[in-house]
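Novice: Got a sequence here, can you model it:
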Amino acid sequence: MEALIALFKILVFPGLIFLTFLGLVYEWIDRKAVARFQNRIGPLYTGPRGFLQPLADFIKLMAKEDIVPKWADKLLFSAAPVFAVSIPTFASLYLPMTGTPVLPPFEGDLVLVICLATFYTITAFIAGLASTNRFSTIGAVRAGLQLLGFEIPMFISVASVAIAAGSLSITTIANRQAIPYAILQPLGFAVYLIALQAELERVPFDIPEAESEIVAGWLTEFTGKKLAFLRLSADLRIVFGAGLATAIFLGGGSGPVLPPIIWFIIKSAVIVLVSAMIRALFARLRIDQMVRGAWKYLLPLSLLQLLMTKILLVVV
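Specialist: Here you go, the predicted model:
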């Protein structure tokens, strides 16, 4: 019986099916919010107020022809969408959405999920190179460049929280927040949000997929089911990125009256809205501006937050 319950949690709630549904909901929230910020309507006709539009887009892509380029590395090209969906899904199973994660928490699971986030960018890099298309290759190189620029500040901002909490367990960090770390460590929280925007390759950091420059970047040669799963993986990454911010900066599912899962979704949705606002208000940066911003501003700010955390721990 325990095995069936564990399987249900992994596959249904709060596992794969629930995460997929939540990712599609967050995509709808993001698209509607960006549209409102830009004085547009956004998805409207498919389902109530366009609620089913992300699902309709996924089904449409699943029905399209699946083409593999003649000169592509077929093994890597076909494996990339599988890894792209699996990585954020597996990482999300360590988030305490219901108060406890689906997979057993342990001291160091924070390090594991951060490493998994890095593997996704590596997957995008390999997928672009495997396509053997000039636009895909350029997009892959840009994705790798963004990885180098923004992973380090993000890691340091997360490390500041772990040091303050005295733990490398996501669940433990979430449970030790009498006051959310977003208030106690505003610099680290801001750095995380900006780095998350870059990790998700969203405006103003959509440089690896710049449509006006390199068609669709590393996604250029993907069609049909492969493209559907890659688009789904982007939604799952939003769930994971917003969920991790909720767990380590906003106290996880803690809150009055409502169940933890409801508070977790509400807080994560707020992160999605902030991301949508950034996407609506800014234009794409140039590559040199992106690199300069990461190394000249985000890295020093994250180091400053780390130093302040250490000083406060010594003083207090």
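Novice: need the contact list for the residue nearest to Pro260 when sequence neighbours are not counted.
Specialist: If the residues on either side of it in the chain are set aside, Pro260 comes closest to Gly253, at 2.8 Å by CB to CB, 6 or more residues apart in numbering. Every residue, glycine included, has its C-beta placed from N, CA and C. By CB atoms under 8 Å, 6 or more residues apart in numbering, the contact set of Gly253 is Pro96, Met97, Thr98, Gly99, Ala174, Pro259, Pro260, Ile261, Ile262, Trp263, Phe264.
Novice: tell me which of those is nearest to Val203?
Specialist: Phe264 (26.1 Å; CB to CB).
Novice: In terms of helices and strands, where is the closest one?
Specialist: Phe264 is part of helix 260-281, with elements assigned from DSSP states H and E.
Novice: and the helix or strand just after that helix, what other elements does it pack with?
Specialist: Note on helix 260-281: by DSSP H and E, the next helix or strand toward the C-terminus is helix 287-292. On a contact count with 3 or more CB pairs under 8 Å, 6 or more residues apart in numbering; DSSP states H and E, helix 287-292 meets helix 134-165.
Novice: again, only this time at 6 Å
Specialist: For helix 287-292, not one helix or strand is in contact under the criterion 3 or more CB pairs under 6 Å, 6 or more residues apart in numbering; DSSP states H and E.
Novice: Okay, buried residues for that helix please.
Specialist: Going by neighbour count (16 or more other CB atoms under 10 Å), the buried part of helix 287-292 is Met290, Val291.
Novice: Touching it from outside, list them.
Specialist: With CB atoms under 6 Å, 6 or more residues apart in numbering as the contact definition, helix 287-292 has outside contacts at Gly149, Ile207.
Novice: Repeat the analysis, applying 7 Å as the threshold.
Specialist: The contact list for helix 287-292 (CB atoms under 7 Å, 6 or more residues apart in numbering) reads Arg142, Leu145, Gln146, Gly149, Phe205, Ile207.
Novice: Likewise for stretch 63-73?
Specialist: The contact list for stretch 63-73 (CB under 7 Å, 6+ apart) reads Lys74, Phe77, Ala130, Ser131, Thr132, Asn133, Glu221, Thr223, Gly224, Lys225, Lys226.
Novice: Determine which two of those residues are furthest apart.
Specialist: Farthest-apart pair in these is Thr132 and Lys225; separation 20.0 Å (CB to CB).
Novice: one step back: in PyMOL, how would I select the buried members of the contacts of stretch 63-73?
Specialist: In PyMOL syntax, the buried subset of the contacts of stretch 63-73 is picked out as below (16+ other CB under 10 Å):
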select buried, resi 77+130+131+133+221+223+226
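Novice: ok so, going back, which one of the contacts of helix 287-292 sits closest to Met308?
Specialist: Distance to Met308, by CB to CB, is smallest for Gly149 among the contacts of helix 287-292, at 22.7 Å.
Novice: nearest residue to the closest one other than its sequence neighbours?
Specialist: Closest to Gly149 by CB to CB, 6+ apart is Ala294, at 3.3 Å.
Novice: returning to that earlier point: would TSV of the contacts of helix 287-292 with pLDDT and neighbour count be doable?
Specialist: Formatted as TSV, the contacts of helix 287-292 follow (pLDDT from 0 to 100; neighbours: other CB atoms under 10 Å):
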residue	pLDDT	neighbour count
Arg142	85	26
Leu145	82	17
Gln146	84	24
Gly149	82	21
Phe205	86	27
Ile207	82	25
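Novice: Reformat those as JSON lines; add distance to Phe37.
Specialist: Listed next are the contacts of helix 287-292 as JSON lines, based on distance: CB to CB, whole Å:
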{"residue": "Arg142", "distance to Phe37": "26"}
{"residue": "Leu145", "distance to Phe37": "28"}
{"residue": "Gln146", "distance to Phe37": "24"}
{"residue": "Gly149", "distance to Phe37": "26"}
{"residue": "Phe205", "distance to Phe37": "17"}
{"residue": "Ile207", "distance to Phe37": "21"}
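Novice: ok, the residues you listed vs Phe18, which is closest?
Specialist: Closest to Phe18, out of all of these and judged by CB to CB, is Phe205, at 28.2 Å.
Novice: how about that closest one, what does it touch?
Specialist: Gln146, Gln197, Ala198, Leu285, Met290.
Novice: contacting residues around the third one?
Specialist: With contacts defined as CB under 7 Å, 6+ apart, the neighbours of Ala198 are Gln146, Phe150, Phe205.
Novice: And Gln38, by the same measure?
Specialist: Applying CB under 7 Å, 6+ apart, we find Gln38 in contact with Ala280.
Novice: and which of the contacts of Ala198 is nearest Pro14?
Specialist: Nearest to Pro14, judged by CB to CB, of these is Phe150 at 27.9 Å.
Novice: Surely that closest one touches Glu199?
Specialist: Yes - Phe150 is within contact range of Glu199, at 6.3 Å (criterion: CB atoms under 7 Å).
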